[in-house]
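Peer 1: Below: sequence and its predicted model.
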Amino acid sequence: MGLCQNTVKRFSTAIMGAKSKGRMPRHKKKSWKKQVNISEVEEYLDDVRLQERFGGLVADKESSDMFIVDSKPEVLKPDVSLQQRRPRKPKVDQDNLRCFQNLKGLPGAKVPVKTRVIKDKRPAFVKAKTKKKKTKNAINALHIHDAVQKKEATEKKQLPKDPWADDQDSDVDDWTEVGATHLRRLRMDGRVRRPLYMRVKTSLLPAVETPHAGQSYHPEAGDHAALLEKAVQVEHRKEADFQRWERQTTAKFPSVRPTESDWVKEMSGGLQDDHDEKGDDEKSATGPLVRRVPKPKTKQQRRKMRERKVTERHRLAAIDTRRTENEVFRVRTLARELREQAARTAERQQRRAVRRSARAEQPLTLGRHRYEAAPLEVSLSDELPGSLRNVRTEGDLLQERFKSLQRRNVIEPRVRTTQKKQLKRKRFDRITGSEREPNKLKTERNL
Amino acid sequence: MTGSGKMKKKYASGEASWYMTRKQALDKLQVNLRDFRRLCILKGIYPREPVKRTRAQKGSTEKKTLYYKKDIQFLLHEPLIWKMWDMKSRHKKIQKSKGKRDFDSVKRLHAGRPKYDLDHLIKERYPTFSDALNDLDDPLSLCSLFAIMPAITKISDAIVADCRRLTVEFMHYVIEARALRKAFISIKGYYFQAEVQGCVVTWVVPHHFVYTRPENVDMKVMSIFSEFYTTLLGFINYRLYHTLNLIYPPKLALTGATPSDGCLSTAELEAERVAALNTPLGRLRLPEQPEADDEAELALMAAAVGDDLEEARRRRQRTRRLQRLFDGCRFFIGREVPREPFVFVIRALGGTCSWDATCAPGATYSEADETITHQLIDRPVPEASKKYTSRYYVQPQWVFDSLNLGALRPVQLYFPGVELPAHLSPFKEEEVTWGEYVPPDKLKLLGQLQETEPAGDGEAPDESEDEGEEEEEDDASEEAVEEDEDSGDDEQEEMEDEPSEQSAKAKMRVTPGKIEQVNDKKEKIKESKEDFWMRARMIKKKDKHKFYKLLKRKKMMQEEARLLTKKRQVVEKEMMEKKKLQKRQQKKALAQS
């Protein structure tokens, strides 16, 4: 209804505000009719007719017929720059413009051109030389062209192509079709297939190990205490290791420096107890100087020895036969022994498996050097900041990454080696008068 | 010795023939150690440990670096190695010219030196996209480390710039896909965890402090890794962007005229604005809205993981809530707050943010904007500055804690100047509980207790309680009995209630018969209880004693917890009464005066 009222209002203002024209009398009804501007009324009526033609007056309609309640949020408008560009106009061929066609001469008549061949009068070797030069230039030009093309090709390659484009469809539900995935893995176009064992990861450890809860910048007291305890344990282990090494090396081989008393003792050796040593000398003098040679055996002795050997052998053989004969009665025992042995083997296998699985988290021995873990990152209680602004970082992330690669057996642990070149020093011997020889160059190695 | 065949040579077969020392490999491949190392890293070939070293090393006991012979043979087919030979010969030529002091030819030779690309290696090492996604942790962590390298290091500028660009691109993807799940501020750096197409990706970003030269790190090796990882990450980003219909390389959705800056060109400024992570990216097409009812898919997913359907649904609900956590929140980040990680987290959870325009490009609104809901501030509030009542001033930890909780934490705990609650690790594994007493303060910290404050979301605690209940069901021991009794009591009460009501309304009436309802939950509990005791019977005789000891301990713990909660209730009640009394007395005193 509001719409209708509005129009009427405008209509009335149109009547009131109609301007008079020239000399027409204003009080006559005729002129009133002539003067009035009824275009708006007509427009209005036209509009009404139009509306009636297309499904009735808008003013009479319910708002629910005309409007939809927008229940969904407004979707993000696509970017202006993303709207499709208009196709470009084809480039104008500047050489064949229609307006300049006439300049090229009339199509029918052609100017007769006499071709005059000038004979090359140069000598043959000159001609050959120029020809060679020309071909060389052409080859050079080709090379340059190739280089330019190559450069263009590399520039074009800036955008990456999708290497996994062909498994696009089945990628979403990879887990449903294991077979297809397997086939895809096997397929390699033209290249040597990568051995399947390479797909097994070298370690079970995760690539990025999640930090200990106590390593939070503002940790909970319990977590932080747990972390500190861990760090203390590490230190204890280090200390114990050090002690063990000390015990096994330094303590075992004491290199005691001689004290003053030792020196005195050594210097005064042989001064005080002279006669004692003399006595020793005498004793040693009386001892046997030559080793005694045993007497050769008699024939009888040899025969008896042989007989004893034979009887011994017979005795042992008898024992052996008795034992083998009695084995029959040991069947149960033997069975038990076998059982025990089997059990022992099983147990040992299990123990070995456990040890192997425990080792799975440990780095392997991949070279001369051992893996050394980075120190545990701990911030002490008084270093903990109240806020993020004052946080103090611990540890070195790049080092941690490097160590992680070593720990996961991707690279072998190494120690930085710096080769120092030792220059040989020139050395000259002093020439004494007696041994006058030509100057002798001596290196360190010669000395 | 009956056979007339040849005598077997030692070390000709078996383990000894599987391995090759590094020196042998170098000789075979005709490359130097540096190139060999590069080849191995790029191709993904690792040194191996033999089962028996002396056998593998043909009698030698020295600890050598060994490789599989097959690996080295595989390397021989690699086109990269030809390039390396070319490079080697070119290098020799350059050195020769240098020796002759012919610097023109040095320049020429250097300009046209052969280069290699690693594109073909990506498909070879990661045959499917999910393989590549599973190996994303390493590239992301290393690239974000290299991204902050200064120019003084030996690493080339191009690699550093690439790393920066690629990490920013990935973060944009995480923002657009709303894939962020966990984040943690550690003393080592920021840890993030995202779920990219079903793969969990964890990476670490360093604190943006002054660069310190790393010790004991072979930077040459690390730069080779970064070379490979940048290539890989480029391909991955490209594909990820295409799954979301995002334009690659990333372009901002808003195409206002970029304000010109004296020092930066327009392109540089555009790149800076992309790196600010603050504006959504342009898309080719709007993404299709996922159907609301995809129960079948959920069931399939749950079956694949081997999970309960309910559990899967709950988890999905949680992620959906997390994805819209900061919807409608407008942040203003103070200049003392590290900008990038916070912008990343806020935007990944649906919030919008801005900062002081003078401190970095990409700011969208000023501090004076009245629509700002939260302002992150990490210093004592300056006296002179204007404070707005329309926004919360919070310390930055609030953002990370809210993300890890999955709901907005009460702001009043994080007001500036207030001593912050502990920042808990979301990566901490749940401890096995014996039902022992946990003080409600700690529960509140863990977000397992319903907050009484109005600022809290209030949804998450509900859920966690539900989870707690389920756990109890699983236990199926003493608690089961208690619950059993409880539910039984409830039913009895209901039964008593119903007839009395009916009698009051209408006594003479024919009512339709009721189907006897089988209490599923009750049955389940009963069944699980039976199962538990059946399993208990399977315990070996020697372990039985330990088992009963544990049961006893659990019972004791629960009893203790019950007593302690009761005690706490009593104490709290007393405190309340005391408070009330005090108030009353104060009122009296006021009235008298």
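Peer 2: Received the coordinates, thanks. Numbers count the residues shown, from 1 in each chain, chains lettered A, B, ... in the order given.

Peer 1: those helices in the stretch 251-400 of chain A, which residues are they?
Peer 2: With DSSP state H, counting those that start in this stretch as the criterion, the stretch 251-400 of chain A has helices at A:260-267, A:274-286, A:299-326, A:331-359, A:397-407.

Peer 1: highest average neighbour count across those?
Peer 2: helix A:397-407 (a mean of 21; mean count of other Cβ atoms under 10 Å in any protein chain shown). For glycine as for every other residue, the C-beta is placed from the backbone atoms N, C-alpha and C.

Peer 1: Give me the sheet partners of the helix or strand that that helix is followed by and which way each runs.
Peer 2: Per DSSP states H and E, the first helix or strand lying C-terminal to helix A:397-407 is strand A:427-428. Partner strands and pairing direction for strand A:427-428 (DSSP bridges) are strand A:441-442 (antiparallel).

Peer 1: can you tell me the average pLDDT over the partner strand?
Peer 2: Mean per-residue pLDDT for strand A:441-442: 52.

Peer 1: now do stretch B:87-106
Peer 2: Averaging the model's pLDDT scores along stretch B:87-106 yields 91.

Peer 1: Comparing the helices of the stretch 251-400 of chain A by mean pLDDT, which bottoms out?
Peer 2: Taking the mean pLDDT of the helices of the stretch 251-400 of chain A, helix A:274-286 comes last: a mean of 52.

Peer 1: Would you mind measuring from residue A:370 to chain B?
Peer 2: Applying Cβ to the nearest Cβ, to the nearest Å, one obtains 9 Å for the distance of residue A:370 from chain B.

Peer 1: Residue A:220 now?
Peer 2: Distance of residue A:220 to chain B, computed by Cβ to the nearest Cβ: 4 Å.

Peer 1: Need phi/psi at that residue.
Peer 2: phi -80, psi 150 (degrees, to the nearest 10).

Peer 1: go on, the one 3 residues further on?
Peer 2: Backbone dihedrals for residue A:223, given as degrees, to the nearest 10, come out at phi -60, psi -40.

Peer 1: same check, this time on residue A:384
Peer 2: Dihedral angles for residue A:384 - degrees, to the nearest 10 - are phi -70, psi 130.

Peer 1: ok, it touching residue A:220?
Peer 2: No. The pair residue A:384 / residue A:220 is not scored as a contact, 11.2 Å apart, by Cβ atoms under 8 Å.

Peer 1: Of these two, which one has the most company?
Peer 2: residue A:220 (20 against 16; other Cβ atoms under 10 Å in any protein chain shown).

Peer 1: Hmm, that one is touching residue B:420, no?
Peer 2: No. Counting by Cβ under 8 Å, residue B:420 is not a contact partner of residue A:220; they are 11.3 Å apart.

Peer 1: List the contacts of residue 397.
Peer 2: Since you didn't name a chain, this refers to chain A. Residues in contact with residue A:397, defined by Cβ atoms under 8 Å, 6 or more residues apart in numbering or on different chains, are B:141, B:145, B:188, B:189, B:204, B:206.

Peer 1: wait, I meant chain B there
Peer 2: The neighbourhood of residue B:397, defined by Cβ under 8 Å, 6+ apart, consists of A:218, A:388, B:185, B:414, B:420, B:423.

Peer 1: Measure how buried residue 61 is and give me the count.
Peer 2: Picking chain A for this. Applying other Cβ under 10 Å, I find that residue A:61 has 13 neighbouring residues.

Peer 1: meant chain B, my bad for not saying
Peer 2: Using other Cβ under 10 Å, residue B:61 has 8 other residues around it.

Peer 1: what residue ranges in the chain score low on pLDDT?
Peer 2: No chain was given, so I picked chain A. For chain A, the stretches with pLDDT under 70 are A:1-22, A:75-87, A:106-107, A:109, A:155-160, A:167-191, A:273-289, A:431-447.

Peer 1: Chain B, not that one
Peer 2: In the predicted model of chain B, residues B:1-4, B:152-153, B:255-263, B:287-293, B:306-307, B:430-432, B:445-507 satisfy pLDDT under 70.

Peer 1: Could you give the secondary structure assignment for the residue most central in space within it?
Peer 2: By Cα atoms, centre = their mean, chain B has its centre lying nearest to residue B:193, at 1.2 Å. For residue B:193, the assignment made with DSSP: H, G, I helix; E, B strand; the rest coil gives strand.

Peer 1: which stretches of the stretch 251-400 of chain B form helices?
Peer 2: Under DSSP H, counting those that start in this stretch, the stretch 251-400 of chain B gives helices at B:266-275, B:295-305, B:309-323, B:339-348, B:397-405.

Peer 1: other SSEs contacting the longest one?
Peer 2: To tie it back to what came earlier, the one meant is helix B:309-323. Applying 3 or more Cβ pairs under 8 Å, 6 or more residues apart in numbering or on different chains; DSSP states H and E, we find helix B:309-323 packed against helix B:295-305, helix B:459-475.

Peer 1: can we see that at 10 Å?
Peer 2: With contacts taken as 3 or more Cβ pairs under 10 Å, 6 or more residues apart in numbering or on different chains; DSSP states H and E, helix B:309-323 sits against strand B:180-185, helix B:295-305, helix B:397-405, helix B:459-475.

Peer 1: Would you mind putting the CA coordinates of stretch B:241-258 into CSV?
Peer 2: Taking Å, rounded to 0.1, in the frame of the first residue of the first chain, the C-alpha atoms of stretch B:241-258 are listed here in CSV:
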residue,chain,number,x,y,z
TYR,B,241,46.1,-25.3,-2.6
HIS,B,242,44.3,-27.0,-5.4
THR,B,243,42.2,-29.1,-3.1
LEU,B,244,40.8,-25.9,-1.7
ASN,B,245,40.5,-24.1,-5.0
LEU,B,246,43.1,-21.6,-3.8
ILE,B,247,45.2,-19.8,-6.3
TYR,B,248,48.8,-20.9,-6.4
PRO,B,249,51.1,-19.0,-5.9
PRO,B,250,48.9,-17.4,-3.1
LYS,B,251,47.1,-14.2,-3.9
LEU,B,252,45.2,-12.1,-1.5
ALA,B,253,41.4,-12.1,-2.0
LEU,B,254,41.2,-8.3,-1.3
THR,B,255,42.6,-6.4,-4.3
GLY,B,256,42.7,-2.9,-3.0
ALA,B,257,45.4,-0.8,-4.4
THR,B,258,48.5,-1.8,-2.4
